[in-house]
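>>> Show me how the following folds:
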Amino acid sequence: MCAEKIQRIIQAVILGLVMGLAGMGMLKTAFLLQFAMMVMLLIAGFTGFCPGLAILKKIFPACKCEENK
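Numbers count the residues shown, from 1 in each chain. Below is the predicted model:
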């Protein structure tokens, strides 16, 4: 499995966790987690640098489409 796919799986798990926390009434925790994820996605969108992906690429190989660039 490659780093980009693992990153998307982690994002899906975090979104599921946020939904679960909100459903249990832990709105402050859900809001903070969602806000942190939004900040990270905005940084990645505007700068092209994703800190989480940079860490994952040190552990796992990049996807084949990423290696061709």
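>>> Let me know the helix or strand that the spatially most central residue of the chain is in.
Most central in the chain under C-alpha atoms, centre = their mean is residue 11, positioned 3.9 Å from the mean C-alpha point. Secondary structure from DSSP states H and E places residue 11 in helix 3-23.
>>> Any buried residues in that helix, and which?
With burial defined by 16 or more other C-beta atoms under 10 Å, the residues of helix 3-23 counted as buried are 3, 4, 6, 7, 18, 21. No exception for glycine: its C-beta is placed from N, CA and C like everyone else's.
>>> coming back round to it: model confidence at the closest residue to the residue nearest to the centre of the chain other than its chain neighbours, what's the number?
Sequence neighbours aside, residue 37 is the residue nearest to residue 11 in space, at 7.2 Å (criterion: C-beta to C-beta, 6 or more residues apart in numbering). In this model, residue 37 is scored at 93, pLDDT.
>>> With the one 10 residues further on instead?
pLDDT, residue 47: 93.
>>> what does residue 2 give?
We have a pLDDT of 88 for residue 2.
>>> Quickly note the distance from residue 36 to residue 61.
27 Å (C-beta to C-beta, to the nearest Å).
>>> for the helix or strand in which residue 54 is found, packing partners?
Residue 54 belongs to helix 51-59 when assigned by DSSP H and E. Applying 3 or more C-beta pairs under 8 Å, 6 or more residues apart in numbering; DSSP states H and E, one finds that helix 51-59 contacts helix 3-23, helix 27-47.
>>> of those, which approaches residue 55 most closely?
Checking these against residue 55 by C-beta to C-beta gives helix 3-23 as the closest, at 8.9 Å.
>>> could you give the angle of that closest one to helix 51-59?
Angle, helix 3-23 to helix 51-59, by axes from the mean of the first three to the mean of the last three C-alpha atoms, to 10 degrees: 130 degrees.
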